[in-house]
Each structure stands twice: as structure tokens, then as C-alpha cells.
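[1] return atomic coordinates for the entry below.
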Amino acid sequence: MMDKSKINDLIFGENYYSIEDLRYNKQIGILFSNEELKEFLNQKERCIENGDAYVYNLPLKTFNSKYCFYISGVYLMQRQLQYLSTYIEDYKIYQKPLFERNAEDIIMSRLFSEVEGTLNVENVNTTHKRVKEIYQKAELKDNNDIIIKNMLDAVKYISNERPTFNKDNLLKLYNILSKDCLDEEDKLKEGAYYRDDTVSIGDFDGAPVSQIEECMDSLFAFVNDAENVKKYGLLLPHICHYYMVYVHPYFDYNGRTARMISFWLNILYEIPAAPLFISEAINDNKKDYYKALVNTRLTHNDLTYFLGYILEVATKYSLLYKNLENINNQLSKLGETLTSSEMGYLKKIIVHNADGYFNYKTFLEYIRSSMTKAGALKILNSLTEYGLLEKSTNKKKEAIYRVNQSIITYKYTE
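    Coordinates of the predicted model:
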């Protein structure tokens, strides 16, 4: 077994390795055995029991582990500082938060992302157009429209009413989000607040039915304690996001409700520097999101993985929006303006491939579309005419594109 100083470096140092890395990544060179891994996880628990100042034991009920916690070591602190530095530097320039300057775009993009992440939508343009139509009171035509309307109603409920975070209001939010969308077997029983049977999330189970009430009550108590809001700050909504997915109190719509809860708590407590574009970031790379959830579950509810992921994407999307804002400003000086659809396409390209070449097929993967080759090339050539993309040809003589690097003013550094 490794010596104590090496273990402490793994727990509190600048790298926070997953179980997969600790066991199988030869480049790291740790290669824990089952017994060594067990001892490593036990050491984290001993840190909690010994009252280590850098280990935050959360007052949330658990059903499959002793604790729900995170490690505020170098790894997490660096990511928090990076995000806050990005936020503060931006605020110094504009004297107004990034989220406030781009509020409508961020809220609408949140809705787009929830719809895109849930449904087999035709393409970005169709999604954006339809969300705006429904926002403007268009008649609902199908199930996709119902989901969009429910999301709009949920955002209005939170933003306009700012309801207290409690059992009754959470049920109201859930009913708004899931209205006319649940299969009969997924609906709650009359008068029930939570599911009455078991549910699985991939390889994991949600809380046993007998413990859901106790778990959720601990969540309400955690959130409604003013000292916790002060202590955990911008991390609190995302702790609750994870915990909601962990407990999984409903048969369906747990993930969407969890993401809306993080938005709710940011709005309710007016948390400074709150990254309100997390839903959009999750939808653009669900693989990393699920990986963060899985790593947290596998390590006895060590939220360091999940919170580290949230802080990383918060920084990346802050820089993304700053770049888009800068692009809009530069184009406006030339008398040009991107449509919301064009901006949506450009955003997807920057998110998925900020500095490499891609062809029209890859572009269609970025925007999750089955549009024709001609349709895709028309969009890409239009963005090239604006000077936002550079066009070339590969050895097969097919057109390939790359983001014009001069428009990427703000770059993320690992």
C-alpha cells in the first residue's frame, strides 16, 4: 500500500483521479488492487471522522453510504478560483454580470438544450424557431410542443413567483414539467409526493421507497438553512442537483427536475456568480456529465467529481458566451447580424471543435441533425462569408471548415 503522504496527495492534490484511473491507467502508474482501493476510500471516510477542515461532510441523508461529502483540496479550489476569476475579470470590464447581459439568450438556450437533449428534433433551426413560437403563445401541435410549453411554464413559475424550496412547491414544479408527458405507469399516485416503487438509473438504484421521504426532508432542511447558503455559495445548487438525481424520487423526469432545481435555487437566493447555463453545457456533452455522476456514486457519494465537472463547464461556457458576445459586437460594427439560428450553429461548432477541421457530416453530428448535405453546406458557407469560419479542402477534395481563430478571444486553459 502507498505511504500516507502519497494517499493524502491523491485526496487533496491537484489531480482527482477516478476509480478507473486509479486501477487501470498505466500512464498514471498507481494501479490499485481491490484492497488498496478499498483502503483509499476508507481513508477519505477517516478524514471526515477526524474532522479534517478541507473535507465537507454534507448534512444530507444517504441510503448506500456513510456520508455525502466533497474534498476542498487543490483540485476543487483551482477550478473554483478559475471560474470566479473569469467571472470577476468580466465584471470589472462591463460592471454587469455576463448572465445579466445575455439573460434572454441564456434562458432560451436552456430551453433549446432541454428539448434537444430529450427529443429527436429535426435540427437547431427548427428547435429555436418552435421554442420562440410557443413562447409567443403559438398553438401546441404535438408532444414536443407540450414539453417546450412545460419548460417555459416552469421557468416562469420560478422566475416570477420565486417559491420557497419545500415539498409542496417541488411537487408543483414537477407537475408543471411533466404535465401531459408521463406514461400511465410513471405517474404518481393520487395525493403522493414521490414514487411508490423501485427505480434504477443505469447500474444504480434510487433511494428505497421507505427512505425517500427522509432523504428529501434532509434536502429541504439543508437548502432552507441560511448558514448553508452562505457556507456553500455557488456550489449549493449543484450539490442539490446531484442529490436529486441520487435519490431519484420520481419514476421519470428526475434529471430535468434536478437541473431546474439548480436554476431555482440560484434565482431564489440570488447566488453571486451563479452559472445559469449549466443545462445547456450538460446537453452539449452528456458523456462527461454522466461520468461525473457515476464517479460520485462509485466513490461513496464523493461530490468532488461532480462539483469539479460543474466548475469546469461553468468556466468553459463563461468563455464561450464572452466569445459570442465579442463576435456579435464585431459583426455589428460591419453592419452584420447573425440570426438566432446562425448563432446556434456557430455555438455548437465552437463547443465541439474550437480549433480543428471538420466536414459537413461532422457538423451535422454537432447539431444533431439529419438535414441534407446541401443544407449543411449552405449554413457552413454562410458562416464562412461572415469570416467566422475558414474553408479548405482535404485530400479527397471535399470541403472542410475550421473556426477562424482570430474570433476566439477567450480560450480555456486546462
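[2] would you mind measuring from Phe63 to Cys215?
    Distance from Phe63 to Cys215, counting by C-beta to C-beta, to the nearest Å: 7 Å. Where C-beta positions appear, they are placed from N, C-alpha and C, glycine not excepted.
[3] can you pick out the residue with more neighbours from the two?
    Neighbours per residue, other C-beta atoms under 10 Å: of Phe63 and Cys215, the larger number sits with Cys215, 23 against 16.
[4] quick one: secondary structure of that one?
    Following DSSP: H, G, I helix; E, B strand; the rest coil, we place Cys215 in the helix state.
[5] same question, Ala354
    Under three-state DSSP, Ala354 comes out as coil.
[6] helices or strands next to the longest helix seen in the chain in the packing?
    If you go by DSSP state H, the chain has its longest helix at helix 304-333. Counting contacts by 3 or more C-beta pairs under 8 Å, 6 or more residues apart in numbering; DSSP states H and E, helix 304-333 is packed against strand 69-71, helix 74-94, helix 98-101, helix 236-247, helix 278-284, helix 286-298, helix 340-352.
[7] so which of these comes closest to Phe204?
    For these, the distance to Phe204 is smallest for helix 286-298, at 5.4 Å, taking C-beta to C-beta.
[8] return the set of buried residues in the closest one.
    Tyr289, Lys291, Ala292, Leu293, Val294, Asn295, Thr296, Arg297, Leu298 (16 or more other C-beta atoms under 10 Å).
[9] so Leu293 touches Phe306, yeah?
    Yes. Counting by C-beta atoms under 8 Å, Leu293 sits close enough to Phe306 to count as a contact (6.4 Å).
[10] who touches both of the two?
    Residues touching both Leu293 and Phe306 (C-beta atoms under 8 Å, 6 or more residues apart in numbering): Tyr242.
[11] any low-confidence regions in the chain?
    Applying pLDDT under 70 to the chain picks out residues 1-2, 112-128.
[12] quick one, domains of it?
    Following automatic domain parsing, one finds the domains of the chain at 4-53, 70-319, 338-407.
[13] so where do the strands sit in the stretch 1-150 of the chain?
    55-57, 69-71 (DSSP state E, counting those that start in this stretch).
[14] could you dump the ones you listed to JSON lines with distance to Gln136 and mean neighbour count?
    Compiled in JSON lines, these are given as follows (distance: least, C-beta to C-beta, whole Å; neighbours: other C-beta atoms under 10 Å):
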{"stretch": "strand 55-57", "distance to Gln136": "45", "mean neighbour count": "20"}
{"stretch": "strand 69-71", "distance to Gln136": "42", "mean neighbour count": "24"}
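[15] can you add distance to Tyr174 and give the helices and strands packed on helix 304-333 back as CSV?
    Output for the helices and strands packed on helix 304-333, formatted as CSV (distance: least, C-beta to C-beta, whole Å):
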stretch, distance to Tyr174
strand 69-71, 26
helix 74-94, 30
helix 98-101, 25
helix 236-247, 10
helix 278-284, 16
helix 286-298, 20
helix 340-352, 29
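[16] what about those, which gets the closest to Tyr253?
    Using C-beta to C-beta, the helices and strands packed on helix 304-333 put helix 236-247 closest to Tyr253, at 10.7 Å.
[17] deepest of the domains of the chain, which one?
    Stretch with highest mean neighbour count among the domains of the chain: domain 70-319 (a mean of 18; mean count of other C-beta atoms under 10 Å).
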